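Asks: Provide a 3D model corresponding to the input given below.
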Amino acid sequence: MKEKDIEAIKHYWDAAFDKKLYIDENNPKTAQARKDLLSSLSEHITQIEIFNAWLKRECLNRNADGLDYMLTLGTTFDLFDRESLKVLQMIACDDWHHDAENLVAVFEEHPTDFTNKILYDMALSRYPNHYYSDDENGSVTRKCVWALWRLGDIDSIKSLANSEDKIAEGYAQNQLEKLKKK
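Replies: Down below sits the predicted model:
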């Protein structure tokens, strides 16, 4: 991506985010902002490249609200590719965002060669921010174990069932008991 493209994307993103233009698709200002962006870009830039640039920016700036918006956008328009999943992998266990549960869903819906590893790591992570403090992170761990189960990673579940993390151990043992009943 050319530097000119990056600057155009930054300008559009700032205008859209600051003015909440992305909320109203029928707003003429939204249409004009998009037209301005597209006219300033190189010919071969794709929507996914734009999405990835925005996603990287929000993650580098540790912007929790921006990440939340990008996950919604990526899920709604199926914009996740290997590059964006790598970016999400790097921040999945960080404590600055409140999207761990959403990240589990994204990784499960878009499996790659590193999906199981990051879900395993997330199951053992504790997010010390206020968003997850109520249930000691059980919801994220539970969703990670379920995702590993649905992806067929029995080895990771067995490993979690033998871990020192009591929350992960409990959810993993529960899933293994279900396997024994089948």
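Asks: pLDDT weak spots in this protein?
Replies: Low-confidence segments of the chain (pLDDT under 70): 1-45, 127-137.
Asks: Please work out how many residues are found near the residue lying closest to Asp153 once chain neighbours are set aside.
Replies: Setting aside the residues directly before and after it, Asp153 is nearest to Asn116 in space (C-beta to C-beta, 6 or more residues apart in numbering), at 4.6 Å. Yep, even glycine has a C-beta here, placed from its N, CA and C like the rest. Neighbour count for Asn116, taken as other C-beta atoms under 10 Å: 19.
Asks: these two touch, right, Asn116 and Val145?
Replies: No - using C-beta atoms under 8 Å, Asn116 makes no contact with Val145, being 11.6 Å away.
Asks: I would like the residues contacting the strand or helix carrying the residue nearest to Asp153, please.
Replies: For Asn116, the host element (DSSP states H and E) is helix 115-124. With contact meaning C-beta atoms under 8 Å, 6 or more residues apart in numbering, helix 115-124 is reached by 85, 89, 92-93, 100, 103-104, 107-108, 140-141, 144-145, 147-148, 151, 153, 156, 159-160, 163, 165, 168, 171-172.
Asks: What of stretch 63-75?
Replies: 17, 22, 51, 54-55, 57-59, 79-80, 84, 91, 96-99, 102-103, 105-106, 109.
Asks: Those in helices, which ones?
Replies: Counting by DSSP state H, the contacts of stretch 63-75 place 17, 51, 54-55, 57-59, 84, 91, 102-103, 105-106, 109 in helices.
Asks: Could I have the PyMOL command that selects the buried members from those residues?
Replies: Selection of buried members from the ones in helices among the contacts of stretch 63-75 for PyMOL, criterion 16 or more other C-beta atoms under 10 Å:
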select buried, resi 17+51+54+55+57+58+59+84+91+102+103+106
